[in-house]
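>>> pasting a predicted model and its sequence here:
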Amino acid sequence: MAEERYPFKDIEQKWQRYWQEQNLFSTPEQREKPKYYVLEQFPYPSGKLHMGHVRVYCIGDAIARYMRMRGYNVLHPMGFDAFGLPAENAAIKHGVHPGEWTKRCIEQMKHQQNALGLSYDWEREVITCEPKYYRWNQWLFLKFYERGLAYRKKAPINWCPSCQTVLANEQVISGKCWRCESPVELKSLEQWFLKITAYAEELINELDSLPEWPEHIKTMQRNWIGRSQGTLVNFRIKDSDELLPIFTTRPDTLYGVTFMVFAPEHPMVMELVKGSEYETPVKEFAAKVVIQDKFYRTAEDREKEGMFTGRYAINPLNGEEIPIYVANFVLMEYGTGCIMAVPAHDQRDFEFARKYNIPIKVVIQPPGEQLSPDTMTEAYVEPGVMVNSAQFSGMDSELAQKAITDYLVEQGWGKPTVQYKLRDWLISRQRYWGTPIPMVYCEECGIQPVPETELPVLLPENVRFGGTGNPIETAQEFINTACPNCGGRARRETDTMDTFFDSSWYYLRYCDSRNEDAIFSPDDVHYWMPVDRYVGGVEHAILHLLYSRFFVKAMRDIGLLKFDEPFTRLLAQGMVTKDGKKMSKSFGNVVEPNDIIDKYGADTARLFILFASPAEKELEWSDQGVEGCYRFLNRVWRFVRNNLPAIQKGFELREVEECAPTSHPEDKRLFRLIHHTIKRVTSDMEERFHFNTAIAASMEMLNGLSTYTVRDDKHSQRLIFEAVRTLLLMISPFAPHIAEELWHQIGYSTPILLESWPEYDESALQVEEMLIVVQVNGKVRSRITVDADLPEDEIKQTALNDEKVKKFIQNKPIRKIIYVPKKLLNIVV
RNA sequence: GCGAGAGUGGCGGAAUUGGCAGACGCGCCAGACUUAGGAUCUGGUCCCGGUCUCCGGGAUGGGGGUUCAAGUCCCCCCUCUCGCACCA
């Protein structure tokens, strides 16, 4: 064999075993050192890693290894989001207990993670389906319950017929279940909720205190929380004592209200029409609308439909009588479930008014124009001058918003209000494989929390899968219990928690995961938290990230935490694609991580994933790109092997011989190359987390290194050793196995993993000569090489004397010369 | 419709504050070594033109502007991706 290919299989196994045996990934307990908490979103244990997983882990691991080398105390844990439906479905299908199935999946995934050489501190592993973890879910739930943050209410909720359980609003994507994409149905059930809305204001405001979160993620959260500032106005109902409160963001249009609209399911509607000729048609209409699923009903192009109720409201400002309608486009769950309609200045109201021949009244005129209700073809929604608005006429409409609101407050007819789209988080799930909600229902005392001392409420093992309803209901010995208050007969809650509950605080548990007496020690949590770098996919932009932020705030108010936000910096990594499409079974374009590791090794896989694209962008898989990275590692291998004797001599000399360039120009070049590359790679890693350019710089260094001929003298040996040593250190966060192997081959007996990141010497970057680009009128005309210490005047003179430059200046007068130090000279003629 | 992001060679992507556009890798072309190469090494590779080791012109989705200088800043337009989408 003429050229050897490096034996990655042996090397990778060898060092994985070594790292593990030496316990090198365990978290150092040196509190005096600065800490760095790098975390990748823990996976659901499906049993098999996909490229998306591999990508997140490679990013996180490169950061962890780099920060260790920079002298930080690094916490880099991993665990499994182990509760969830797939395990339960597997139980139904294959007759395996979900616990067994999950355990097997975890083992397989862990095996793959270790084969990638990921530097996790497995001693801190968190597996959410274990009682030692979920008991703290229950404990937290009880704390929330004490504070009124967990409560039970009957509400219209989203039901996924396929998963046979309810879903939170966030888990319904375009009217479909986030997990199985079945259309979601509406049901009315009594369920457990967490009061996330209590934190709506803080959740939206604090986004501004997260400058290192990607803007698009923050925008998505802002949209989801949906804050809008407006005014609550109380209309009266004619022939009734009832008040009719409505929310509007446009109090300036109050004089233009020509009808009111109720959501069909609004409880007041039936009272209003009771006994009248309108009762039956309105009832039928409401029934028709309510059964339409929410997504269908709220699609924007949905035809607006409604019906008059026969009743009137009274506008508090001018006493006008206003007809009340019900219509499909008004939503019960937003605002008060009833709106004031101003067709002249709201497009929806305009369409509805035209369709049902309701009068249109203009109260705002655009600058330099006169709108007339008869000729308008769409609503005018911009600001303008107030008209037909009593004492407010003539005002600027934007100023009138405040003026009218103030007037309403004065008269006791309304007040400024803020509305949110965010709803409370529905956490009950009618499924087995989750954390039991620690509550009991007593025939005498009603709902009672399970006392803390009785936690955990264990999931019953002995249940029947595959019947109808929640399997947990087949465990009689679980359901039947004694009331913690009176000791009488009671029934346990059979709903389990949404698994997003588990993942909302797991990163806190890593700080002290083996604590059996408490959820965590405050010292540990406050040393490590917040997470310095959180890496994960955008798919959790709202769900997991919003819930986690809510948990931290709620736990802070309970007194468990002293900080406000869980994740300081968020790195939302891009999708992995192949042939321009997301990797998926249905496209048949899936690349299996195992196949790549088998064929090229983990180092190549890691290197390619980080090299092919910046972390936050899409990554297009390319088999040839992988080959390219494999070639690079082979070149590193061969270079070291072919020069091993000289490098080893350099190693021996490392303490007696200073590494400095001789007068030999090749030595100077190499010396500068070393320090120049350190500078580039360090700034790519440190400031920008641009691994692709960091790797490119290392590749360039090797290219420069391969043209260096080692001489049989001390200086040259010392220098080549230094170059190789530096290169290995700099590729070690990306390709740790080959770096570790060659590190030992060149002479070291201690692991590269514990080495410090190389430092560059600014003076080593000094050059004797520099290349100045000379432009004439902004176009490059020449390049001149001058002494590095040549004064500006002389550089200018040299440039002006340059033949090529002269040609372009000819005899034209020189207007200006701009000099950018060490780079460029622009002569303007 | 609203919001966010993006648009650079045949491809993935570089260009940190406005300062040589196309680093690095892939692919392609040529050569070397070879029984052979889909191994390895060396050189070349944005487009157009010319008197072709050199010289000139053009080029970062399109158009305009600021500037000595624009991929980068400002204005208008086009395309794509993602998110929200009757939220009163």
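Yes, it's here. Numbering: from 1, shown residues only, chains lettered A, B, ... in the order given.

>>> in the stretch 301-450 of chain A, which spans are strands?
Listed in chain order, the strands of the stretch 301-450 of chain A (DSSP state E, counting those that start in this stretch) span residues A:306-314, A:321-327, A:338-341, A:364-365, A:385-386, A:414-419, A:425-426, A:428-429, A:439-442, A:446-449.

>>> adding mean pLDDT, write these out as JSON lines.
Listed next are the strands of the stretch 301-450 of chain A as JSON lines, based on pLDDT from 0 to 100:
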{"stretch": "strand A:306-314", "mean pLDDT": "93"}
{"stretch": "strand A:321-327", "mean pLDDT": "94"}
{"stretch": "strand A:338-341", "mean pLDDT": "94"}
{"stretch": "strand A:364-365", "mean pLDDT": "92"}
{"stretch": "strand A:385-386", "mean pLDDT": "92"}
{"stretch": "strand A:414-419", "mean pLDDT": "92"}
{"stretch": "strand A:425-426", "mean pLDDT": "92"}
{"stretch": "strand A:428-429", "mean pLDDT": "91"}
{"stretch": "strand A:439-442", "mean pLDDT": "95"}
{"stretch": "strand A:446-449", "mean pLDDT": "94"}
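
>>> what sits against A:Gly256?
A:342-345, A:361-364, A:388-389 (C-beta atoms under 8 Å, 6 or more residues apart in numbering). Every residue, glycine included, has its C-beta placed from N, CA and C.

>>> ok, now A:Leu85?
A:Leu85 sits next to A:163, A:179, A:431, A:433 when contact means C-beta under 8 Å, 6+ apart.

>>> pick out the most distant pair among those residues.
Greatest spatial distance among those (C-beta to C-beta): A:Arg179 and A:Trp433, at 13.2 Å.

>>> more neighbours: which of the two?
Taking neighbours as other C-beta atoms under 10 Å, A:Arg179 and A:Trp433 compare with A:Trp433 leading, 27 against 16.

>>> okay, the more buried one and RNA strand B: tell me how far apart.
26 Å (C-beta to the nearest atom of the strand, to the nearest Å).

>>> angles on the backbone of the residue of the stretch 51-200 of chain A found nearest RNA strand B, please.
Nearest residue of the stretch 51-200 of chain A to RNA strand B: A:Ile173, at 5.8 Å (C-beta to the nearest atom of the strand). When read as degrees, to the nearest 10, the backbone of A:Ile173 gives phi -110, psi 120.

>>> re the thing from before, filter the contacts of A:Gly256 down to just the buried residues.
A:342-345, A:361-364, A:389 (16 or more other C-beta atoms under 10 Å).

>>> residues of the stretch 501-650 of chain A that sit close to RNA strand B?
By C-beta under 7 Å from any atom of the strand, the residues of the stretch 501-650 of chain A that approach RNA strand B are A:538, A:542, A:611-614, A:617-620, A:622, A:624-625, A:627-629, A:631-632, A:634-635, A:638.

>>> of those, just the buried ones, ChimeraX syntax please.
The ChimeraX selection below is limited to those of those classed as buried (16+ other C-beta under 10 Å):
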select /A:538,542,611,612,613,614,619,620,625,628,629,632,634,635
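
>>> ok, A:Phe587 touching A:Gly580?
No - using C-beta atoms under 8 Å, A:Phe587 is not in contact with A:Gly580; the gap is 10.0 Å.

>>> who has more neighbours out of the two?
A:Phe587 (13 against 9).

>>> and the more buried one, what is it in contact with?
Contacts for A:Phe587 (C-beta under 8 Å, 6+ apart) come out as A:578-579, A:581.

>>> repeat for A:Lys9
A:Gly601.

>>> do you know how far it is from RNA strand B?
A:Lys9 is 17 Å from RNA strand B, by C-beta to the nearest atom of the strand.

>>> for the one helix or strand that residue maps to, the averaged confidence score.
A:Lys9 belongs to helix A:8-21 when assigned by DSSP states H and E. Here helix A:8-21 scores 96 as its mean pLDDT.

>>> pull the CA atoms of it into CSV?
Provided in CSV are the C-alpha atoms of helix A:8-21 (Å, rounded to 0.1, in the frame of the first residue of the first chain):
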residue,chain,number,x,y,z
PHE,A,8,-10.3,5.9,12.2
LYS,A,9,-12.2,2.9,13.6
ASP,A,10,-9.4,1.8,16.0
ILE,A,11,-8.6,5.4,16.9
GLU,A,12,-12.1,6.4,17.7
GLN,A,13,-12.8,3.4,19.9
LYS,A,14,-9.5,3.6,21.6
TRP,A,15,-10.0,7.2,22.7
GLN,A,16,-13.6,7.0,23.5
ARG,A,17,-12.7,4.2,25.9
TYR,A,18,-9.8,6.2,27.3
TRP,A,19,-11.9,9.4,27.9
GLN,A,20,-14.5,7.3,29.6
GLU,A,21,-12.1,5.3,31.8
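
>>> run the chain-centre distance for that helix.
Centre-to-centre, helix A:8-21 and its host chain are 33 Å apart (C-alpha atoms, centre = their mean, to the nearest Å).

>>> do the same with stretch A:78-95
The chain centre lies 24 Å from the centre of stretch A:78-95; the measure is C-alpha atoms, centre = their mean.
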